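Participant: Mind looking at a prediction? Sequence and model below.
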Amino acid sequence: MRYDVTTAPIDVRELEAAVVHPGAGAVCTFSGIVRDNSRGQTVTHLDYEAYAEMAVPQMRKIGQEIRDRWPEARVAMAHRTGHLEIGEVSVVVAVSCPHRAEAFEACRWGIDRLKESVPIWKKEHAADGTFWIEGEDAKPVGR
Amino acid sequence: MRYDVTTAPIDVRELEAAVVHPGAGAVCTFSGIVRDNSRGQTVTHLDYEAYAEMAVPQMRKIGQEIRDRWPEARVAMAHRTGHLEIGEVSVVVAVSCPHRAEAFEACRWGIDRLKESVPIWKKEHAADGTFWIEGEDAKPVGR
Amino acid sequence: MAVAIAVRVRFFARLRELAGVETETLQIAPNSSLADAYDALRARHSSLPARDGVRGAVNQEFAGWSERVSEGDELAFIPPVSGGRR
Amino acid sequence: MAVAIAVRVRFFARLRELAGVETETLQIAPNSSLADAYDALRARHSSLPARDGVRGAVNQEFAGWSERVSEGDELAFIPPVSGGRR
């Protein structure tokens, strides 16, 4: 199990290596990438801000929840913070399991939980301004 | 789109790089790994055999089926053949999409279709003998 | 009994920008709730939004608004996380 | 009309081992089906299994047993693919 919040580029292979073991037949890896558009607008870059002292324990909690549901799963998660350019990896969840159905399910469950409960925020710099992204809402900076 | 059947080790990052583009916000990657056990028996290694001239077109067909269902998906698939040791990657399906739900769904659909329709066979070398794995069945070699 | 306890407050993301501070110390009556603490902070930083849409955390764990705060606690007030479309 | 057509046959995996050959040329009556071709091969290689559990392909595409084969076709007889538990 490995949980990182880091300003350095995420090494996806390293996270996968952290979950692989001789009994694991399946690895499912989700990577979130900075897209060049959002809300129909061109995006130039992002800034991510984290409450790191809480984010890492929240990730660990999600990892434990995954193990409660899929006891054979091994989990690694990382979220990047700071300035990110288009095409850079912002978040990774890697899960290994003996078989593939549970690897997919556990990985998807992990990223969904991470997105709703890990205190990390996205500031989007787009053609129409700069916004804090709060769930479904984009709130202009300063208001 | 990229479809490989190869005796060389699979470079997972290279396949992911083949599906990433500025509009892709989500990459889901499945890797199948050689496990150290099967049917309750210790496995020592595997041999994969392919009908390569048919396997690559079948992969391409699956890629097209994915694009019919998820038009924004980009797909890369690779299957290794020959002698594989425990822990080695035998198969990879990488899919990018704008958002994560479709990336997970398309990737899972891709590996499920690959496993049922791409002519590649697994010979399992285990503590209790050598077997051809045919779907749910393990058939002893020579019978 | 103490007339006031001191808690450490942290703001994040949009709330940090609206409050204009990242961390501060708040003196508050013993036995106050997380809601009481937030209301006291709003009196000080008028641009902070109403409680709905804000979550509170005490000592790095999400907490309900009625949770009591204690001397030395770290309180955090945080907007919805980035979530993003599934 | 030709008395026979020639097709190329390929066996894979367990079928290759049971047949004892990887490729061979089969002479067969014009208008034969894929099933006819397999039956002719079974007469020659008695350890080949019955058709159920075997799939046929013509020119690198899966084909039904009733599909007609033509001069120069590549036929392949293949056991279930590895599949594996989901």
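Facilitator: Good, I have the coordinates.
Participant: What parts of chain A come near chain B?
Facilitator: Within chain A, the positions near chain B by Cβ under 8 Å from any Cβ of the partner chain are A:12-13, A:16, A:20, A:22-37, A:86-87, A:96, A:98, A:100, A:103-104, A:107-108, A:111. Yep, even glycine has a C-beta here, placed from its N, CA and C like the rest.
Participant: give me the low-pLDDT residue ranges for chain A?
Facilitator: Low-confidence segments of chain A (pLDDT under 70): A:143.
Participant: can you give me the strands in chain A?
Facilitator: A:2-6, A:26-33, A:37-38, A:41-50, A:74-80, A:82-85, A:89-97, A:120-126, A:129-134, A:137-140 (DSSP state E).
Participant: Over to chain C?
Facilitator: C:5-11, C:23-28, C:55-58, C:61-63, C:74-78.
Participant: Any idea how far apart the tips of stretch C:52-68 sit?
Facilitator: One end of stretch C:52-68 sits 19 Å from the other (Cα to Cα, to the nearest Å).
Participant: List the buried residues in it.
Facilitator: Under the neighbour-count criterion of 16 or more other Cβ atoms under 10 Å in any protein chain shown, stretch C:52-68 has C:54-58, C:60, C:63, C:67 buried.
Participant: Can you turn the buried subset of the residues of chain A next to chain B into a selection I can paste into ChimeraX?
Facilitator: Applying 16+ other Cβ under 10 Å to the residues of chain A next to chain B leaves a buried subset, and the ChimeraX line that selects it is:
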select /A:12,16,20,24,25,26,27,28,29,30,31,32,33,34,35,36,86,96,98,100,103,104,107,108,111
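Participant: Spatially, which two of the buried residues of stretch C:52-68 are the most separated?
Facilitator: The two members of the buried residues of stretch C:52-68 with the most space between them (Cβ to Cβ) are C:Val54 and C:Gln60, at 16.7 Å.
Participant: for residue 65, what are its contacts?
Facilitator: Assuming you mean chain A. A:Glu65 makes contacts with A:Arg113, as judged by Cβ atoms under 8 Å, 6 or more residues apart in numbering or on different chains.
Participant: actually it's chain C I care about, not the one you picked
Facilitator: C:33-35, C:38, C:51, C:56.
Participant: Show me which of those is closest to chain D.
Facilitator: C:Gly56 (42.4 Å; Cβ to the nearest Cβ).
Participant: That closest one: what's it in contact with?
Facilitator: Counting by Cβ under 8 Å, 6+ apart, C:Gly56 has contacts C:34, C:37-38, C:62-65, C:67, C:75-78.
Participant: still on that earlier bit, just put the strands of chain A in JSON lines and tack on distance to B:Ile62.
Facilitator: As requested, these are exported to JSON lines (distance: least, Cβ to Cβ, whole Å):
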{"stretch": "strand A:2-6", "distance to B:Ile62": "32"}
{"stretch": "strand A:26-33", "distance to B:Ile62": "18"}
{"stretch": "strand A:37-38", "distance to B:Ile62": "28"}
{"stretch": "strand A:41-50", "distance to B:Ile62": "32"}
{"stretch": "strand A:74-80", "distance to B:Ile62": "28"}
{"stretch": "strand A:82-85", "distance to B:Ile62": "32"}
{"stretch": "strand A:89-97", "distance to B:Ile62": "23"}
{"stretch": "strand A:120-126", "distance to B:Ile62": "34"}
{"stretch": "strand A:129-134", "distance to B:Ile62": "34"}
{"stretch": "strand A:137-140", "distance to B:Ile62": "37"}
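Participant: Out of those, which is closest to C:Arg16?
Facilitator: In terms of Cβ to Cβ, the element of the strands of chain A nearest to C:Arg16 is strand A:41-50, at 7.9 Å.
Participant: Indicate each strand paired with that closest one and its parallel or antiparallel sense.
Facilitator: Within its sheet, strand A:41-50 is paired with strand A:37-38 (antiparallel), strand A:82-85 (antiparallel), strand A:120-126 (antiparallel), according to DSSP bridges.
Participant: roughly how far out does the shortest one sit from the chain middle?
Facilitator: Same thing as strand A:37-38. In terms of Cα atoms, centre = their mean, to the nearest Å, the centre of strand A:37-38 is set 18 Å apart from its chain centre.
Participant: beta partners for the nearest residue to A:Val91 once chain neighbours are set aside?
Facilitator: Counting by Cβ to Cβ, 6 or more residues apart in numbering or on different chains, A:Gly32 is the residue found nearest to A:Val91 once chain neighbours are left out, at 4.1 Å. Beta-bridge partners recorded for A:Gly32 (DSSP bridges): A:Val91, B:Ala26.
Participant: ok, now A:Val43?
Facilitator: Going by DSSP bridges, A:Val43 forms beta bridges with A:Ala126.
Participant: what residue lies at the spatial centre of the chain?
Facilitator: Defaulting to chain A. A:Val91 (3.0 Å; Cα atoms, centre = their mean).
Participant: actually it's chain C I care about, not the one you picked
Facilitator: C:Phe77 (4.1 Å).
Participant: so how far is A:Pro22 from the residue lying closest to A:Cys97 once chain neighbours are set aside?
Facilitator: Of all residues not flanking A:Cys97 in the chain, A:Ala103 sits nearest, at 4.1 Å (Cβ to Cβ, 6+ apart). A:Ala103 sits at a distance of 16 Å from A:Pro22 (criterion: Cβ to Cβ, to the nearest Å).
Participant: ok, how many other residues are close to the nearest residue to A:Gln41 once chain neighbours are set aside?
Facilitator: Closest residue to A:Gln41 apart from its sequence neighbours, by Cβ to Cβ, 6+ apart: A:Ala126 at 4.4 Å. A total of 19 residues lie near A:Ala126 under the criterion other Cβ atoms under 10 Å in any protein chain shown.
Participant: thought the residue nearest to the centre of chain C was touching C:Ala13?
Facilitator: No. Applying Cβ atoms under 8 Å, one finds C:Phe77 not in contact with C:Ala13, separated by 10.0 Å.
Participant: Would you mind confirming that A:Arg67 makes contact with A:Ala73?
Facilitator: Yes. With contact defined as Cβ under 8 Å, A:Arg67 and A:Ala73 form a contacting pair (5.9 Å).
Participant: Show me which of the two is the more surrounded one.
Facilitator: A:Ala73 (25 against 15).
Participant: got a list of what the more buried one touches?
Facilitator: Contacts of A:Ala73 by Cβ under 8 Å, 6+ apart are A:66-67, A:95-97, A:102-103, A:106.
Participant: likewise C:Arg8?
Facilitator: With Cβ under 8 Å, 6+ apart, C:Arg8 has these contacts: C:23-26, C:72-75.
Participant: Try it again at 7 Å.
Facilitator: Shown in contact with C:Arg8 (Cβ atoms under 7 Å, 6 or more residues apart in numbering or on different chains): C:23, C:25, C:74-75.
Participant: Repeat that for C:Val9.
Facilitator: Applying Cβ under 7 Å, 6+ apart, the residues contacting C:Val9 are C:23-24, C:26, C:41, C:75.
Participant: With respect to A:Arg60, which of those residues is nearest?
Facilitator: When those are compared against A:Arg60 (criterion: Cβ to Cβ), the nearest one is C:Leu75, at 21.3 Å.
Participant: Is that closest one bridged to anything, and to what?
Facilitator: Per DSSP bridges, the residues bridged to C:Leu75 are C:Val9, C:Val58.
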